[in-house]
Structure formats: structure tokens, C-alpha cells
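Novice: 3D, please:
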Amino acid sequence: MTSAAAHGLEVRRLAAQLLRTSVERRLTVEDAISGNREAQALELRDRAFLSSLLLTSFRHKGEIDAILAKLLDRPLPRKSGPARDILVLGVAQLLFLQLAPHAVIDLAVRCAKADRNALHFSGLVNAVLRKVAAGGAGLREGLDTPRLNTPDWLWTRWVKHYGADEARAIAMAHADRPGLDISFAGGVGDWRDVLGGALLPNGQLRLPAGHAAVPELPGFAEGSWWIQDAAATIPVRLLGEVQGKTILDLCAAPGGKTLQLAASGGEVTAVDLSEARLGRLRENLRRTGLAATILAADVLNPNLAGEWDAVLLDAPCSATGTIRRHPELPYLRDEAQVRELAGLQRRMLRRAAALTKPGGMLVYCSCSLEPEEGEMRIRGFLADTPGFEIVPASGNWLPQGAAKPEGWVRTLPSMRYGEAQGMDGFFAAALRRRA
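Specialist: Alright, predicted model coming up:
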């Protein structure tokens, strides 16, 4: 076996392992890879390919399952080890990454033979993947891919809250690999000439999917910009002018909004419970040369005291609005988690309100499509907290249709933003504490 083939085999062996690990341990692909020593030892290019394999397999999981159901006489037994995961990865490579069939099939068979349980199914792996290679795109004909790629629990929720047409549009948006949205401390300037991409209405650049690895892009190492989905920039802008104001950024890591606030002249205190995530925030501040006070603390800890001109709470949530970038999430979350997180958000919002100075601003946001974590959260808060009023969102930098009559903002993955298509699903509401 050549050195290149050995590398390819190792990446696919790890992919089969992490595909299962991600679901069983409810880890995002990013966390599964970062927590695996073998994956971390890979070269940057191999690690990027590993991530692509896993994300593609999750992005098209429903239709891959449907295709395999057609080609297998019966489900594989539990004693087959990683054989099914090897098949899933093989279909992803053949139909969606469009890699050379000979190489895909050969490495899949080698991967099966290298496992004592999957070894006995290597012939089946070979036969099934040959059928996939021969059938090609025709195997997808007639499949309702948006519905298949959305688990029942989410589809039912979205149809109930957004209607069948919008639920389908959201699911269709999740099928596309997202671009990379970039924020600049000093404005976009000449960076469009350097990086390319599309200029968004909020002054960001969006690079198309398939861009170079982020650390290799011009300006990243120098700290000229940071990555931040267009929807995630909205909460800070809802605060209005922050120059010279004291800002409390709760649940701040990894720090996109902290950087945005600091670049706008705010005196920022960034709070997060996770020391590991705060490490990423510190690194982002160091790289960009921006300043903020960092505090490792539980938002609900009564020792967190004081009053700020503005408080931003990006609450822990199910993150179903980020499925474009994290297609594994539908298989890691469930209804019970949404309910549990809604309770935590209610307590955190109450705490954030107490930390807001009279006359000050409070912005609540979540990267979730679920109403319990957005619209219902603010309705309940306003009903229980008469000292706050909503500040209606407005501005031509908002996506069309995102500003709602109630005054808050709701973005959807299916929305256009200027000439660009798609963004994270986000909810944000600006509230003023009466003086």
C-alpha cells in the first residue's frame, strides 16, 4: 500500500469510529475530532477531509439511510462492527463528494477487513458500494430529501411553528454547504479585493464554500478579521451605539460578539462558565489585538454582581439554527433537551435583567429555531417583568422579513441576505429597563 493510500485508510477508519462516537456521546463533529488524539495528530489537510467526510454523512443521513435500505436485504447485525458506518461514509463519498469510485470502494473494503467484526462483511461492503457507484445520482431520484434529512421531532416542530412550506425551505437550506462570513474590526476596506467573496448588507464578506483553510487565508494570522455568521452579528447591533459604555457579555465564548463589541468601542466584560472555551476567546482577543475583561463564572452565581449599561445574553440553547454548519445536531438533540434548556434560559434571562442598569439595554438571543427558546421566552419574560419594554428592531441591514411586528428579530436558514443565500436561524430581542 502506498503512503497516500495508508493515509486515506487511516482517515476513513477514524471517520467510521467518530461517526458512531458523535451520536453515542452526543458530541459535535468539531468536539469529536478535537477530543480524539489520533485525529489531532493528522496533518491539517487530512483533518479537514475527516471533518468533511463526517459533516457530509450527517448532512445527507436520511437519504443515505434510504438508499442503503433499498440495497440491503436486511439490516446489518450488531456484530458487524463499523460495517454500516463504512457503508454510510462510502455512499457520502460516491454521491455527494463525488470521489473516484475505485479509490472509495477499495479503501472501504480495506477498512472493513481491518476490523475483526466488519471483516466478515467486507464482501457486502464491496457489492453495495459498487451498486451505488453504478447507480449514481439516479439512486436519489424520487426521494423526498428535505423530509428524509430532517428527523421527525424537528420536522413536526417546524411545520407547527412555521408552516409546511417554510419547514421545507429550512430543510432545503440545510442541504447546502454554507459559506464563511467574516467580520472586520476596521471595516471591510480593500479586503474584498484580497479575499474575494460577496459583500453583505452589514459590511461583512461571505466567502463561498470550498474556500481555503481558515488559518491559511490572508489576514487571519494577523488578526484583521474573525469568523462570525451574519445572523450572529445582529444582537450586538440591536444594542445601538456602545462606544464608551460598560457591556456585560454573558455566555460569551468563543467570542464573536465580544470581538464585535470591543471593536465598536465598548468596555466589555466577557463571562463564560467554560475555561476551555474562554481559552479560545483569549486567543481570539490576542490575535485581533482587541481588549476585554475575561471572567470565568456561572451566570446564575449570585456573586456575579453590579450593573451595566448594556447586557447581552447569548443563552445556551439547542442550536438548531446552526444546522447548516453543524448537520449532526438533529441527531444529538431531542425534545427533552429543548424543554430543559428553556428552563435554564428563563433563569438566566431573569439574572441578566438584574444586572442591567436602569435605563440600560438588555439583548437576549439564541441560535435556535425553537419557539420555546426565543419568542415564548420573551413573551414570558415581559409578562413577568413589568420593568422592561421591548425596543423594536429596525434597519436596512436586517434581512428582509427578519424584523417582526412584535419588535424582535427572527432569521431563518432559508432567508436571502443581500445577494447571498442563507444564514443561521437566530432569535434576538432588545429590551430597555425603565429608569
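
Novice: backbone phi and psi for I182, please?
Specialist: phi -120, psi 130 (degrees, to the nearest 10).

Novice: centroid residue for this protein?
Specialist: Nearest to the geometric centre of the chain sits T322, at 3.6 Å (C-alpha atoms, centre = their mean).

Novice: For it, give its distance to P330.
Specialist: T322 sits 11 Å away from P330, taking C-beta to C-beta, to the nearest Å as the criterion. Heads up, the C-betas are built off the backbone N, CA and C, glycines and all.

Novice: likewise F388?
Specialist: Taken as C-beta to C-beta, the span from F388 to P330 is 34 Å.

Novice: So between those two, which is more surrounded?
Specialist: Between F388 and P330, counted using other C-beta atoms under 10 Å, P330 has the larger neighbour count: 23 against 19.

Novice: quick one: pLDDT of the closest residue to the more buried one other than its chain neighbours?
Specialist: In space, P330 comes closest to P151 once its chain neighbours are excluded; the distance is 4.8 Å by C-beta to C-beta, 6 or more residues apart in numbering. The model reports P151 with a pLDDT of 97.

Novice: ok, now how distant is P151 from G197?
Specialist: From P151 to G197 the distance is 33 Å (C-beta to C-beta).

Novice: what's the answer for I323, then?
Specialist: Distance from I323 to G197, by C-beta to C-beta: 22 Å.

Novice: rewinding a little: doesn't L332 make contact with the residue nearest to P330?
Specialist: No - P151 lies out of contact with L332 (C-beta atoms under 8 Å); the separation is 10.5 Å.

Novice: Could you pull out the strands in the stretch 301-435 of the chain for me?
Specialist: 308-314, 356-366, 388-390, 409-411, 416-417, 420-421, 426-433 (DSSP state E, counting those that start in this stretch).

Novice: got a markdown table for those strands, with distance to L14 and mean pLDDT too?
Specialist: Formatted as a markdown table, the strands of the stretch 301-435 of the chain follow (distance: least, C-beta to C-beta, whole Å; pLDDT from 0 to 100):
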| stretch | distance to L14 | mean pLDDT |
| --- | --- | --- |
| strand 308-314 | 32 | 98 |
| strand 356-366 | 33 | 98 |
| strand 388-390 | 48 | 97 |
| strand 409-411 | 35 | 98 |
| strand 416-417 | 36 | 94 |
| strand 420-421 | 33 | 90 |
| strand 426-433 | 33 | 98 |
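
Novice: For P178, find the nearest of these.
Specialist: Closest approach to P178 among the strands of the stretch 301-435 of the chain is made by strand 420-421 (9.7 Å; C-beta to C-beta).

Novice: Partner strands of the closest one and their direction?
Specialist: When pairing is defined by DSSP bridges, strand 420-421 lines up against strand 416-417 (antiparallel).

Novice: Which residues does the strand it pairs with contact?
Specialist: L200, P201, A230, P399, Q400, G422, M423 (C-beta atoms under 8 Å, 6 or more residues apart in numbering).

Novice: Which pLDDT value belongs to the residue nearest to I390 when sequence neighbours are not counted?
Specialist: In space, and not counting its chain neighbours, I390 is closest to G407: 4.2 Å by C-beta to C-beta, 6+ apart. Reading off the confidence values, G407 has pLDDT 98.

Novice: can I assume G407 is in contact with S394?
Specialist: No - under the criterion of C-beta under 8 Å, G407 is not in contact with S394, lying 9.3 Å apart.

Novice: more neighbours, P151 and G197?
Specialist: Higher neighbour count among P151 and G197: G197, with 20 against 14, using other C-beta under 10 Å.

Novice: need the contact list for the more buried one.
Specialist: G179, L180, I182, L205, R206, L207, P208.

Novice: Next: F121.
Specialist: L76, S80, G81, A83, A112.

Novice: so what's the closest residue to the first one other than its chain neighbours scoring on pLDDT?
Specialist: It stands for L76. Using C-beta to C-beta, 6+ apart and skipping residues adjacent in sequence, the residue nearest L76 is R84, 5.0 Å away. R84 carries a pLDDT value of 97.

Novice: Same check on T2?
Specialist: 63.

Novice: can you check F220 too?
Specialist: 95.

Novice: For the nearest residue to it once chain neighbours are set aside, give me its contacts.
Specialist: Spatial nearest neighbour of F220, chain neighbours left out: V214 (5.9 Å); criterion: C-beta to C-beta, 6+ apart. Shown in contact with V214 (C-beta under 8 Å, 6+ apart): L180, F220, I227.

Novice: Ramachandran angles for V214?
Specialist: Torsion angles, degrees, to the nearest 10, at V214: phi -50, psi -50.

Novice: And for R13?
Specialist: phi -60, psi -40.

Novice: number of nearby residues for it?
Specialist: Count around R13 with other C-beta under 10 Å applied: 18.

Novice: Which helix or which strand is home to the nearest residue to it once chain neighbours are set aside?
Specialist: Computed as C-beta to C-beta, 6+ apart, the closest residue to R13 that is not its neighbour in sequence is C111, at 5.5 Å. For C111, the host element (DSSP states H and E) is helix 101-113.

Novice: CA atoms only for that helix, dumped as PDB, please.
Specialist: Output of helix 101-113 as PDB, limited to C-alpha atoms (Å, rounded to 0.1, in the frame of the first residue of the first chain):
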ATOM      1  CA  PRO A 101     -15.300   5.100  -7.200                       C
ATOM      2  CA  HIS A 102     -12.300   2.800  -7.400                       C
ATOM      3  CA  ALA A 103     -10.500   4.500  -4.600                       C
ATOM      4  CA  VAL A 104     -13.600   4.900  -2.400                       C
ATOM      5  CA  ILE A 105     -14.600   1.200  -2.800                       C
ATOM      6  CA  ASP A 106     -11.000  -0.100  -2.300                       C
ATOM      7  CA  LEU A 107     -10.400   1.900   0.900                       C
ATOM      8  CA  ALA A 108     -13.900   1.000   2.300                       C
ATOM      9  CA  VAL A 109     -13.200  -2.700   1.800                       C
ATOM     10  CA  ARG A 110      -9.700  -2.400   3.300                       C
ATOM     11  CA  CYS A 111     -11.300  -0.500   6.200                       C
ATOM     12  CA  ALA A 112     -13.800  -3.300   6.800                       C
ATOM     13  CA  LYS A 113     -11.100  -6.000   6.600                       C
END
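
Novice: State the mean pLDDT of it.
Specialist: 96.

Novice: and it, which residues are buried?
Specialist: P101, V104, I105, D106, L107, A108, V109, R110, C111, A112 (16 or more other C-beta atoms under 10 Å).

Novice: Check the secondary structure at D181 for me.
Specialist: strand (DSSP: H, G, I helix; E, B strand; the rest coil).

Novice: Alright, calling it a day.
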